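Trainee: return atomic coordinates for the entry below.
(one chain, ligands or ions: 2)
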Amino acid sequence: MAWKISLNEARCTGCRICEMICSWSDEGGFDPSRSLITVESIDEKDAHFSIRFDPGCKNCGLCATYCASKALVKEKEQRDG
Ligand code: SF4
Ligand code: SF4
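Mentor: Ligands and ions are numbered 1, 2, ... in the order given. This next block holds a predicted model:
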């Protein structure tokens, strides 16, 4: 199942759970460097973050499922074709 995922970067707390769960689901281990989503601090106080999906993202929606702050939200299922 593939999902359209909406971003609300203003809600992101920088917890990086999304990176952890993505790497675990795709690579079988908790390694943010292998995640298909990247969260980066955009200010010196680590108060604001940018969120970027790798082109290889499978739109599985798992990162959004585990994003407690709803910076990532599953909007609707995507259908092939
Ligand atoms: S997008 Fe959600 S899960 Fe990922 S770092 Fe931000 S708050 Fe945490
Ligand atoms: S939707 Fe993309 S970034 Fe999120 S867990 Fe799935 S593959 Fe990783």
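
Trainee: which elements pack onto the lowest-mean-pLDDT helix or strand in the chain?
Mentor: Lowest mean confidence among the helices and strands of the chain (mean pLDDT, DSSP states H and E): strand 72-78, at a mean of 89. Strand 72-78 sits against strand 2-7, helix 62-65, with contacts defined as 3 or more C-beta pairs under 8 Å, 6 or more residues apart in numbering; DSSP states H and E. C-beta here means a position set from N, CA and C on the backbone, and glycine is covered the same way.

Trainee: which other residues reach that strand?
Mentor: 1-8, 18, 51, 59, 61, 63-65, 67 (C-beta atoms under 8 Å, 6 or more residues apart in numbering).

Trainee: now for the residues you listed: which two are most distant?
Mentor: Spanning the widest gap among the contacts of strand 72-78 are 1 and 8, at 22.0 Å by C-beta to C-beta.

Trainee: neighbour count for these two, which is higher?
Mentor: residue 8 (13 against 10; other C-beta atoms under 10 Å).
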